[in-house]
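Colleague: here's a sequence, model it:
(one chain, ligands or ions: 1)
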Amino acid sequence: MNAGFSNVYDDEARSLAYATLEFPGSYFLAFRDLPSIIGEHVLGTKALDFGCGAGRSTRFLRGLGFEVVGVDISEPMLARARERDPAGDYRLLPAGDVAGVEGSAYDLVLSAFTFDNVPTMEKKVTLFRDLKGLLKPRGRIVNLVSSPEIYVHEWASFSTKDFPENRAARCGDEVLILMLDVEDQRPVEDIVWTDEGYREVYHRAGVRPEGIYRPLGKQGEPCAWVNETRIAPWVIYVLGPAEQTVDIEFCGERKRGRWNDRLAGRGYEKVRTELLDVVARDTPMPIGIEHGRDGLDRGLLVLECRLVPNHHVLAVRSAGKRRGICRAH
Ligand SMILES: C[S@@+](CC[C@H](N)C(=O)[O-])C[C@H]1O[C@@H](n2cnc3c(N)ncnc32)[C@H](O)[C@@H]1O
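Modeller: Numbers count the residues shown, from 1 in each chain. Purely as a prediction, here's the structure:
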């Protein structure tokens, strides 16, 4: 894992190069299927483009009829986005997190290549958990990322032959790739992340893939494909909130439900957030439950939670020494 990694896009020359980039070569494949994927999974028209860069993906979403806010950690990239699209809504996220972005507001959060530049499991999990909080109840995250294979093959838009060390890279390591469509010929530093690694991130963040796409090039397309017809350079994950079934037993009473429907909005929200937090952190910690209008409304104060490894079972001990078990499946 590479905690010292720095975002190559926080750079004037790189932003100028990116500003001219549309959908050439391998990029065509990244965007080709997005309209149908979004059409299938997303309802509504409010979108956040997380890691909008010079605005290419934001303009793309607007072309699909979305009302889009573009956000990015890089001021030079945002400056290019605004120059090109003065009427667009582009906002700086100085800390690279989504604090300050309005919650529960979006039907779609698109992240196009952004997570290629986010190092560490912890940072990715935090961001996905926060992005989930920006979604409307039926909202979806579309996470478009580079596949690990992109860093070890040749492509219409990329070369990696000068970086044989990429072959030894493991999930979370830094890798180099040359972009062939731009004048800036400094290699881009990315973080390679495997499918298994992303599944772990999603699990910890409380989101669930409801669609995974690996677009391949087709004969007859207006691109000189290199490896794109047999190896997918990109992976597109469509993510929704994980539907967790939860049993709560307390004082002999038993409640059962899925967090996302029956229990949501009925006073369990705070309990849910805290329990899932404990599950995600994988570590015992005290939690407090302050209120609730249903079965948990007894001035219950949970003092201690114990996570039973691999089972997501929380043993709960209350102030009155009554014991309960919460299971999040
Ligand atoms: C490869 S560019 C893609 C830009 C745009 N989505 C597109 O398709 O043209 C990735 C962008 O993600 C941004 N980024 C990286 N980490 C970020 C973070 N933690 N928060 C917001 N933006 C981030 C970078 O600054 C960069 O502009």
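Colleague: return the residues of the chain in contact with the ligand.
Modeller: 7, 9, 51-53, 56-57, 72-74, 77, 93, 96, 112-114, 117-118 (C-beta under 6 Å from any ligand atom). (Each C-beta comes from the backbone N, C-alpha and C, glycine too.)
Colleague: in strands, which of the residues you listed fall?
Modeller: 72, 112 (DSSP state E).
Colleague: could you list the low-confidence segments of the protein?
Modeller: Filtered on pLDDT under 70, the chain yields the residue ranges 1-4, 243-329.
Colleague: looking at this structure, what residue ends up closest to the ligand?
Modeller: residue 53 (2.5 Å; C-beta to the nearest ligand atom).
Colleague: I'd say residue 155 and residue 226 touch.
Modeller: Yes - contact criterion C-beta atoms under 8 Å: residue 155 and residue 226 qualify, at 5.2 Å.
Colleague: so which residues of the stretch 151-300 of the chain form helices?
Modeller: 195-205, 269-281 (DSSP state H, counting those that start in this stretch).
Colleague: about what we covered before: with neighbour numbers in mind, choose between residue 155 and residue 226.
Modeller: residue 155 (22 against 19; other C-beta atoms under 10 Å).
Colleague: ok, now how distant is the residue lying closest to the more buried one once chain neighbours are set aside from residue 88?
Modeller: Nearest-residue entry for residue 155: residue 26, 4.8 Å, with adjacent residues in sequence omitted and distances by C-beta to C-beta, 6 or more residues apart in numbering. From residue 26 across to residue 88, the span is 25 Å (C-beta to C-beta, to the nearest Å).
Colleague: list the contacts of the residue lying closest to residue 96 once chain neighbours are set aside.
Modeller: For residue 96, ignoring the flanking residues on the chain, the nearest one in space by C-beta to C-beta, 6+ apart is residue 73 at 4.1 Å. Contacts here follow C-beta atoms under 8 Å, 6 or more residues apart in numbering; on that basis residue 73 touches 7, 10, 51, 92, 93, 94, 95, 96.
Colleague: again, only this time at 10 Å
Modeller: Neighbouring residues of residue 73 by C-beta atoms under 10 Å, 6 or more residues apart in numbering: 7, 9-10, 50-51, 92-97, 114, 117-118.
Colleague: give the burial count for the closest residue to residue 225 other than its chain neighbours, as a bare number.
Modeller: Closest residue to residue 225 apart from its sequence neighbours, by C-beta to C-beta, 6+ apart: residue 217 at 4.1 Å. Residues within reach of residue 217, counting by other C-beta under 10 Å, total 24.
Colleague: just checking, residue 217 touches residue 157?
Modeller: No - contact criterion C-beta atoms under 10 Å: residue 217 and residue 157 do not qualify, at 11.4 Å.
Colleague: now do the shared contacts for the two.
Modeller: 25, 26, 28, 29, 223, 226, 228, 233.
Colleague: what's the closest of those to residue 171?
Modeller: Closest approach to residue 171 among the shared contacts of residue 217 and residue 157 (C-beta to C-beta): residue 233, at 17.4 Å.
Colleague: how long is stretch 22-42 end to end?
Modeller: Across stretch 22-42, the terminal residues are separated by 24 Å (C-alpha to C-alpha, to the nearest Å).
Colleague: figure out how far that stretch is from the centre of its chain.
Modeller: 17 Å (C-alpha atoms, centre = their mean, to the nearest Å).
Colleague: got it, and stretch 200-219?
Modeller: 10 Å.
Colleague: span of it from start to end?
Modeller: OK, stretch 200-219 end separation, C-alpha to C-alpha: 35 Å.
Colleague: same question, stretch 179-189
Modeller: Start and end residues of stretch 179-189 are separated by 11 Å (C-alpha to C-alpha).
Colleague: I figured residue 201 hits residue 141, correct?
Modeller: No - counting by C-beta under 10 Å, residue 201 stays clear of residue 141, with 11.6 Å between them.
Colleague: so for these two, which residue has more residues nearby?
Modeller: Neighbours per residue, other C-beta under 10 Å: of residue 201 and residue 141, the larger number sits with residue 141, 27 against 24.
Colleague: part of a strand, is that one?
Modeller: Yes - with DSSP: H, G, I helix; E, B strand; the rest coil as the criterion, residue 141 is assigned to a strand.
Colleague: that one contacts residue 128, correct?
Modeller: Yes - Residue 141 lies in contact with residue 128 (C-beta under 10 Å); the separation is 7.2 Å.
Colleague: what touches both of the two?
Modeller: In contact with both residue 141 and residue 128: 109, 111, 202, 205, 207, 239, using C-beta under 10 Å, 6+ apart.
Colleague: rewinding a little: restricted to helices, list the residues of the chain next to the ligand.
Modeller: Cross-referencing these against helices under DSSP state H gives 56, 57, 77.
Colleague: Throw those residues into a markdown table and include neighbour count, thanks.
Modeller: Formatted as a markdown table, these follow (neighbours: other C-beta atoms under 10 Å):
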| residue | neighbour count |
| --- | --- |
| 56 | 25 |
| 57 | 26 |
| 77 | 28 |
